[in-house]
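Novice: sequence plus predicted model, see below.
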Amino acid sequence: TVGTHANTDFGSRVEAVFQSGCAQCHASHGSSNLSLVNTTLLVTPGTTTGSILFTSLTGTNSFDDGTSATNTRICTACHVDPANPGSPMAQHVGGDHAGGALGSNEEGGNCSLCHGHDMDNDPATLDGFMPFGGTCVGCHKINQGTRRQIVDDNGDGTGANGDFKRASHHMSNLDIPTDGDCEICHDQSGHMSGTVNLFNVDTLASYALDGVDDPGRTEAFCLSCHDANGANGDSTPFSDSASVVEINNASWTNASHNASTGSCVDCHDNGHGSNKVSILAPWDYTDDADPDDPMMEEERFCYDCHDTDGPAASNVAATFAPTTNWANAVVGTNAMVDLNDRHDIALTDQTRSGAKIECVDCHNPHIATAANPLIADPDPGDGQIPGSGYVTGADFMTDWCSDCHDGSYPAGVVDAHSDGSSPVGLINVLSFWNADSNKDDTHGAQTGGVNSIEPDPPGTDGWVLDITVQCMDCHVRHVSSPTAVTGGTNLFHVKSPVRDRTNSFDLFTNASAGLGTLNYELTIVSSFISDQQNGYSWCNTCHDGDDMKSGDANCTACHMHGTKW
């Protein structure tokens, strides 16, 4: 009875009771079809149909491929006739689930995944090919109608294709979910009704993704798990035992990305998996051969909004657009030549310098606001907390910058190399800030000495004691604006200051009022395009006194962070 196509012992039958024998479908002495399937089927006594072509479990010439002649498909040959075998076939007419209660088109699929020769594994019962359902993995290892394949072809993590074989996916430690994993997110009560229903894991409310307000529903669904208590108190809900990434719901409510984009699915458009890292959108993106970020999953992903036509206020893409400027001669005692005008976030820059930093090392997209775009602590493992004043005489931004520029780096941030291979640490700025009680290595903070900053009127000493220069007095966060002289950007993120006799000196915007009110005798637009252009083109913005040598070509060869200024 295992080989009997019947519903006699199937309690959920819709059709009238029927039973057909093995010989109706199978040839005992061989066939050109799979599984000894007859090339001619006996439909009713004295009536045959064919010629049956059954050479594949899926696709062309499968159970019901939806494209070949109806009478050539092993299942459709009978099921296309609503009067066969004696009463209307309410399910799978022509393979179409939409004709019954299941709501999806199964043409081209493997019917035997849900309809086996024996529904209940009991050879004494007559229930062959009656629906036994199927596992999530068993069904979703192939396309289900218009729904894409979720797990790999083999359904065990060893095959190809499917969302869980992409570069990133939920359950990142495993390539195959269990049915239990699927049911943490998916409400099965309306399964195969044509609408995907998602659980709120905290309240067990069900969200129907029917195209109406889907982004809002999806966001509530995502945040119910990515909150402080995980999946209703379980921080490791999936079988991979990985902890759920927490997104502070209150912070997300006020975050700029929430206000400008409005939903998780704007950046993560496939909850199963993506060709990009971190399940980023679009999930099916392919390599576009861009040398800096070919998968558009790092800085170019951010630039897609942070440009002239995106929703973001700052045009960071334009800031980083000019060609990178590199130091064209050795700099400082470490003879570093792989230093440039920006943090090394582009792959081409990282390849040359050996340094590596990404947008997310400074900015958390789930928390950042216009007023506070930075993460609270870029290097939480070093015990130093920005804003606590651990840098002598520093403001918050000097504390913050020094959290990385202190010789230790957070995971993912890589230091520069002088020649592309040998590690050469960036100068430990923090150590010179806190060198000794006299702070005689700290730029601007000395107890005396020859004055080199000339006030108005010129020619008089005007040194202001203990004016500590902060990071943002000389540097900008991203890349300095192109200079009026060459159009290039400045090395080391330094500003392009302007000073004149009538306007207040504007380089040290965060310095004391005493220094900020000094006036100077000429107008100069300073640049730092190359390391030779700093003696009178940049350093002389402040240092125009008698102690500066005329025509000094490379100030930074002798004067760098961590050396006597």
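Specialist: Sure, I can see it. Numbering: from 1, shown residues only.
Novice: how about L41, secondary structure?
Specialist: strand (DSSP: H, G, I helix; E, B strand; the rest coil).
Novice: wait, what's in contact with it?
Specialist: Going by CB atoms under 8 Å, 6 or more residues apart in numbering, L41 touches Q24, C25, T48, T49, G50, I52, I74, A77, C78. Using the backbone N, CA and C atoms, a C-beta is placed for each residue, glycine as well.
Novice: would the last one count as being in a strand?
Specialist: Looking back up the chat, that one is C78. No: using three-state DSSP, the secondary structure at C78 is helix, not a strand.
Novice: for it, give its distance to G21.
Specialist: 14 Å (CB to CB, to the nearest Å).
Novice: so K356 makes contact with V413?
Specialist: Yes: contact criterion CB atoms under 8 Å: K356 and V413 qualify, at 6.7 Å.
Novice: got a list of what the nearest residue to S235 once chain neighbours are set aside touches?
Specialist: Spatial nearest neighbour of S235, chain neighbours left out: S243 (5.2 Å); criterion: CB to CB, 6 or more residues apart in numbering. Neighbouring residues of S243 by CB under 8 Å, 6+ apart: G230, S235, T236.
Novice: I'd like the residues you listed as CSV, with secondary structure and distance to H366 appended.
Specialist: As requested, these are exported to CSV (DSSP: H, G, I helix; E, B strand; the rest coil; distance: CB to CB, whole Å):
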residue, secondary structure, distance to H366
G230, coil, 16
S235, coil, 17
T236, coil, 20
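Novice: distance to E219 added to these, as TSV?
Specialist: Shown next, in TSV, are the contacts of S243 (distance: CB to CB, whole Å):
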residue	distance to E219
G230	17
S235	20
T236	23
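Novice: most neighbours among these, which one is it?
Specialist: G230 (19 neighbours; other CB atoms under 10 Å).
Novice: for it, which residues are in contact?
Specialist: G230 touches T236, P237, S243, V244, E246, counting by CB under 8 Å, 6+ apart.
Novice: give me that answer again for 6 Å
Specialist: V244 (CB atoms under 6 Å, 6 or more residues apart in numbering).
Novice: measure it to G354 for me?
Specialist: Where G354 is concerned, G230 sits at a distance of 38 Å (CB to CB).
Novice: coming back round to it: what's the closest of the contacts of S243 to T39?
Specialist: T236 (54.3 Å; CB to CB).
Novice: quick check: that closest one vs C225, distance?
Specialist: On the measure of CB to CB, T236 and C225 end up 11 Å apart.
Novice: looking at C78 and G21, which one has more neighbours?
Specialist: C78 (21 against 12).
Novice: per-residue pLDDT, that one?
Specialist: Looking at C78, its pLDDT is 81.
Novice: and it, how far from S68?
Specialist: When C78 is compared with S68 (using CB to CB), they lie 15 Å apart.
Novice: same question, N200
Specialist: The value you get for N200 to S68, if CB to CB is used, is 45 Å.
Novice: could you do F10 as well?
Specialist: When distance is defined by CB to CB, F10 is 29 Å away from S68.
Novice: next: T218.
Specialist: Counting by CB to CB - T218 and S68 are separated by 39 Å.
Novice: who's more crowded, these two?
Specialist: Each of T218 and S68 has its neighbours counted (other CB under 10 Å); T218 has more, 20 against 14.
Novice: residue contacts, the more buried one?
Specialist: Contacts of T218 (CB under 6 Å, 6+ apart): C264, V265.
Novice: surely it is within a helix?
Specialist: Yes: according to three-state DSSP, T218 belongs to a helix.
Novice: which pLDDT value does the model give it?
Specialist: At T218, pLDDT is 89.
Novice: measure D179 to C139 for me?
Specialist: According to CB to CB, D179 and C139 sit 10 Å apart.
Novice: who's more crowded, these two?
Specialist: C139 (21 against 13).
Novice: can you report phi and psi for that one?
Specialist: phi -80, psi -40 (degrees, to the nearest 10).
Novice: start at 7 instead
Specialist: Yes, from this point I'll number from 7; that puts the last item at C145.
Novice: contacting residues for it?
Specialist: Contacts of C145 by CB under 6 Å, 6+ apart are L119.
Novice: identify the residues contacting G393.
Specialist: Applying CB under 6 Å, 6+ apart, the residues contacting G393 are F402, D405.
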